[in-house]
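Trainee: have a look; sequence and predicted model below, questions after that.
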Amino acid sequence: MTTENASSVRTATRVRASELVGRNWLNTGGEQLSLEKLRGKIVLLDFWTFCCINCLHVLDELRPLEEQYGDVLVTVGVHSPKFEHEADPVAIAAAVERYEIHHPVLDDPELDTWKAYTARAWPTLVVVDPEGYVVAHLSGEGHADGLAVLIPELIAEHEAKGTLHRGSGPYVAPEATSGTLRFPGKAVFLPAGRGSSENGSWLVSDTGHHRVVELADDFDTVLAAYGDGTKGYHDGAGVAARFNEPQGVTLLPAELAARVGYDVVVADSVNHRLRGISLATGAVSTLAGSGVQRLLEAGPARVDEDGAAYGGPLGEDPLLVAFSSPWDVLWSESLQTVVIAMAGVHQIFAFSPETGEVSILAGNGLEGLLDGAADSAWFAQSSGLSEGPDGSIWVADSETSSLRRLVPTGDSARVTVETAIGKGLFDFGFRDGAAAEARLQHPLGVAVLPDGSVAIADTYNGAVRRYDPASGTVSTLTRGLAEPSDVLLDTRGSEPLLVVVEANKHQLVYVPIPAEAQQVDEGASQTQRPTSPVAPGDFELAVRFTAPTGQKLDYRWGDPTQLKISSTPPELLVSGGGTGEGLTRTLELSSEVPEGILHITARAAACDGAEGPDGEIPDHAACHLYQQDWGIPVVLRNDGDTGLLLDLRGMD
């Protein structure tokens with residue numbers, strides 16, 4: 001590992017960037033781009049896939065840089081899909097519109113360009129200089145500050161050489177498509193006396209319009225609106241407020257709402273906050289979340305230059321607690337708290353409206369599928385919540401394509417975690433039958449039905465599935481939907497109806513519950529990525545990290561670097577697993593396991609403003625956490641590699 005600055009390291013090697021190869025280009029007005037056409041510009045390749053929450057974080061991190069350096073910087077999104085559905089060109093185009101991506105996007109369905117740049121994780125960033133050479137290879141999120149240093153260095157260098165060409169880039173805006181709603185996310189029913197209608201109404205997160213709206217039963221008539229439709233953050237009454245891609249919404253009990261002064265809790269995902277809405281006054285307020293994206297686990301508080309908590313301890317002032325992409329919220333009668341699916345850190349949080357206390361309910365922050373005690377369980381981008389009559393909380397765990405359950409225990413751990421459907425990060429499909437063999441594909445919503453079974457918005461399969469805990473079986477209630485992101489139940493009529501939030505058709509629809517569900521078997525799949533041949537025995541793992549110019553590693557609380565390593569199956573790792581300091585580790589791989597996956601999480605903390613001859617970091621310096629999770633598929637061969645080098649932040 002090295003901490004020398006970007007300028008000194010960039011001159012070490014000269015690697016020519018590989019050509020950009022794929023099926024098609026988006027956001028270019030039909031033009032097929034190439035690196036040759038982009039010569040003279042600084043090119044930032046963003047390898048992403050639209051299911052990935054970390055990739056969505058990076059899109060937002062890059063926006064200020066794209067705006068500031070629009071005449072010299074061209075960002076190219078390389079969409080290299082994880083799930084089968086993400087290879088659908090219609091779905092890709094919808095995602096590009098949904099996330100307001102204002103740069104060219106290369107559709108890379110076969111991962112040709114991904115392989116050419118040896119990407120191993122989503123997201124990965126590669127910087128190409130105006131002469132066509134790779135100068136940086138970055139994994140994960142949190143690199144905006146480093147890029148803000150590197151880009152001016154490249155500008156100065158190539159202006160001096162005469163190789164920088166200023167001017168507009170190749171981005172061409174596509175035609176927008178939406179109606180009353182735009183990519184709606186979640187919804188909740190407002191009974192008579194709580195909303196605007198005596199028959200009841202529906203409160204919907206109109207995610208693409210950056211607002212929350214109350215709709216009548218026709219799902220088109222707007223009865224009330226919260227947020228002015230502009231992306232941003234502002235408290236106020238009704239349309240004076242602003243949200244940024246709101247997602248989950250939940251209704252508090254009337255008596256509790258009267259005490260705390262708001263009725264609805266909103267997961268304001270890109271603002272990394274919880275917001276409250278008073279249905280009587282229209283007032284929108286901030287309940288919890290500093291707006292600083294959470295990257296650290298609970299631990300010693302670190303404060304940035306604005307005084308906001310940097311991964312600070314939970315349970316203090318809720319407005320100083322850092323969140324990360326809260327995706328759904330649920331009022332839990334059994335736990336008497338608001339449960340939060342904190343997608344960005346793969347955990348389940350809790351928020352008490354009475355006290356303002358924020359706590360971690362389940363999950364240790366590692367990405368994957370692991371059941372057990374709340375503090376040791378693994379989740380992966382949990383995105384949907386619903387409570388059963390027994391107090392169990394069902395979780396749509398999207399990146400593991402699984403249905404999980406939080407079971408209250410009554411002790412201090414509060415819940416344990418169980419998996420009903422799903423195998424892991426790279427297993428998905430469309431298969432009904434016994435739950436152990438059933439497969440989902442990136443589900444985002446869940447609802448408990450009157451008979452105790454569970455309806456699942458199986459988003460990338462375009463279906464609503466049903467899990468019956470009594471029989472342990474899975475079936476299909478309906479299919480042919482356009483990315484259903486939530487499912488609810490309307491029990492007002494003689495027969496209950498499903499209400500499905502159909503995100504990519506910008507609508508809510510009623511769906512009858514069929515007397516007999518379908519049985520579908522289109523197979524089980526695994527994400528196909530290049531497999532690394534490795535030799536059994538001692539295996540040297542190293543993660544490269546170069547702190548940006550102006551930053552240095554933060555040793556004030558011990559070693560600021562960390563590796564967490566495990567494997568699937570567990571028997572693949574004879575030794576070397578677990579959590580420990582440093583970015584190098586000697587592993588021992590089994591000779592008895594033919595193949596598997598190495599799960600690696602790397603972290604490094606660096607801070608700004610080192611001062612004085614000894615380079616000490618000031619007490620209130622702005623600090624940054626660099627983190628990435630890798631799942632490396634490996635096949636064991638005697639002639640395989642005996643080591644692996646990964647880039648957390650590598651400079652060429």
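Mentor: Yep, it's here.

Trainee: ok, residue 489 - how many residues close by?
Mentor: Residue 489 has 16 neighbouring residues, counting by other CB atoms under 10 Å. C-beta coordinates here come from the backbone N, C-alpha and C atoms, glycine included.

Trainee: no, scratch that, I was asking about residue 348
Mentor: 26.

Trainee: contacting residues around it?
Mentor: 339-342, 360-363, 379, 382, 395, 406 (CB atoms under 8 Å, 6 or more residues apart in numbering).

Trainee: next step: those residues restricted to strands.
Mentor: Taking DSSP state E as the definition of strands, those contribute 339-342, 360-362, 382, 395, 406.

Trainee: ok, those residues vs residue 167, which is closest?
Mentor: Using CB to CB, residue 342 comes nearest to residue 167 of those, at 42.2 Å.

Trainee: from memory that closest one sits against residue 324, does it?
Mentor: Yes: with contact defined as CB atoms under 8 Å, residue 342 and residue 324 form a contacting pair (6.0 Å).

Trainee: mutual contacts of the two, please.
Mentor: Counting by CB under 8 Å, 6+ apart, the common neighbours of residue 342 and residue 324 are residue 294.

Trainee: could you say which helix or strand holds residue 93?
Mentor: Using DSSP states H and E, residue 93 sits within helix 89-98.

Trainee: now do that helix: distance to the chain's middle.
Mentor: Centroid separation for helix 89-98 versus its chain: 17 Å, with CA atoms, centre = their mean, to the nearest Å.

Trainee: buried residues in it?
Mentor: Buried residues in helix 89-98, counted by 16 or more other CB atoms under 10 Å: 91-98.

Trainee: and stretch 115-126, by the same measure?
Mentor: With burial defined by 16+ other CB under 10 Å, the residues of stretch 115-126 counted as buried are 117, 119-126.

Trainee: which residue ranges form the helices in the stretch 101-250 of the chain?
Mentor: Counting by DSSP state H, counting those that start in this stretch, the stretch 101-250 of the chain has helices at residues 112-116, 144-161.

Trainee: of those, which approaches residue 460 most closely?
Mentor: Residue 460 sits nearest to helix 112-116 of all those, at 19.3 Å, using CB to CB.

Trainee: now for the closest one, which elements pack on it?
Mentor: Applying 3 or more CB pairs under 8 Å, 6 or more residues apart in numbering; DSSP states H and E, one finds that helix 112-116 contacts strand 42-48.

Trainee: what's downstream of the strand it packs on, the next helix or strand?
Mentor: Later in the chain than strand 42-48, the nearest helix or strand by DSSP H and E is helix 53-68.

Trainee: same question for that next one, mean pLDDT?
Mentor: Taken as a whole, helix 53-68 carries a mean pLDDT of 95.

Trainee: I'd like the helices of the stretch 101-250 of the chain as TSV, with distance to residue 641 appended.
Mentor: As requested, the helices of the stretch 101-250 of the chain are arranged in TSV below (distance: least, CB to CB, whole Å):
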stretch	distance to residue 641
helix 112-116	16
helix 144-161	29
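
Trainee: mind putting the buried residues of stretch 115-126 into CSV with distance to residue 512 and pLDDT?
Mentor: Formatted as CSV, the buried residues of stretch 115-126 follow (distance: CB to CB, whole Å; pLDDT from 0 to 100):
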residue, distance to residue 512, pLDDT
117, 48, 94
119, 45, 91
120, 45, 88
121, 42, 88
122, 38, 92
123, 41, 93
124, 45, 95
125, 47, 96
126, 49, 97
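
Trainee: export the residues you listed as a markdown table, with columns for distance to residue 185.
Mentor: Output for the buried residues of stretch 115-126, formatted as a markdown table (distance: CB to CB, whole Å):
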| residue | distance to residue 185 |
| --- | --- |
| 117 | 32 |
| 119 | 29 |
| 120 | 30 |
| 121 | 26 |
| 122 | 21 |
| 123 | 21 |
| 124 | 27 |
| 125 | 27 |
| 126 | 31 |
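
Trainee: and those, which is closest to residue 70?
Mentor: Nearest to residue 70, judged by CB to CB, of those is residue 125 at 17.8 Å.

Trainee: ok, the nearest residue to the closest one once chain neighbours are set aside - contacts?
Mentor: Nearest residue to residue 125 in three dimensions, chain neighbours excluded: residue 138, at 4.2 Å (CB to CB, 6 or more residues apart in numbering). Residue 138 sits next to 124-127, 146, 647-650 when contact means CB under 8 Å, 6+ apart.

Trainee: of the buried residues of stretch 115-126, closest to residue 441?
Mentor: For the buried residues of stretch 115-126, the nearest to residue 441 is residue 122 (16.4 Å; CB to CB).

Trainee: quick one on the thing from earlier: for residue 467, find the nearest of the helices of the stretch 101-250 of the chain.
Mentor: The nearest among the helices of the stretch 101-250 of the chain, by CB to CB, is helix 112-116 at 33.8 Å.

Trainee: show me what that closest one is in contact with.
Mentor: Residues contacting helix 112-116 (CB under 8 Å, 6+ apart): 18-22, 45, 47, 78, 80, 106, 108, 530.

Trainee: just the buried members of those residues?
Mentor: Looks like those have 18, 20, 22, 45, 47, 78, 80, 106, 108 buried, using 16+ other CB under 10 Å.

Trainee: what about the residues you listed, which are in strands?
Mentor: Short answer: these in strands (DSSP E) are 45, 47, 78, 106.

Trainee: ok, for the first one, nearest residue in space, not its chain neighbours?
Mentor: So the one you mean is residue 45. Closest residue to residue 45 apart from its sequence neighbours, by CB to CB, 6+ apart: residue 126 at 4.2 Å.

Trainee: thinking again about what came up before, just the ones of the buried residues of stretch 115-126 in strands?
Mentor: With strands taken from DSSP E, the overlap with the buried residues of stretch 115-126 comprises 124-126.

Trainee: from the ones in strands among the buried ones among the contacts of helix 112-116, which two are the most distant?
Mentor: Farthest pair in these (CB to CB) is 47 and 106. Separation: 9.8 Å.

Trainee: overlap in contacts of those two?
Mentor: Common neighbours of residue 47 and residue 106 (criterion: CB under 8 Å, 6+ apart): 78, 113.

Trainee: of all the helices of the stretch 101-250 of the chain, which one is nearest residue 478?
Mentor: The nearest among the helices of the stretch 101-250 of the chain, by CB to CB, is helix 112-116 at 34.2 Å.

Trainee: returning to what we had before: of all the ones in strands among the buried ones among the contacts of helix 112-116, which comes closest to residue 244?
Mentor: Of those, the one sitting nearest to residue 244 (CB to CB) turns out to be residue 47, at 24.2 Å.
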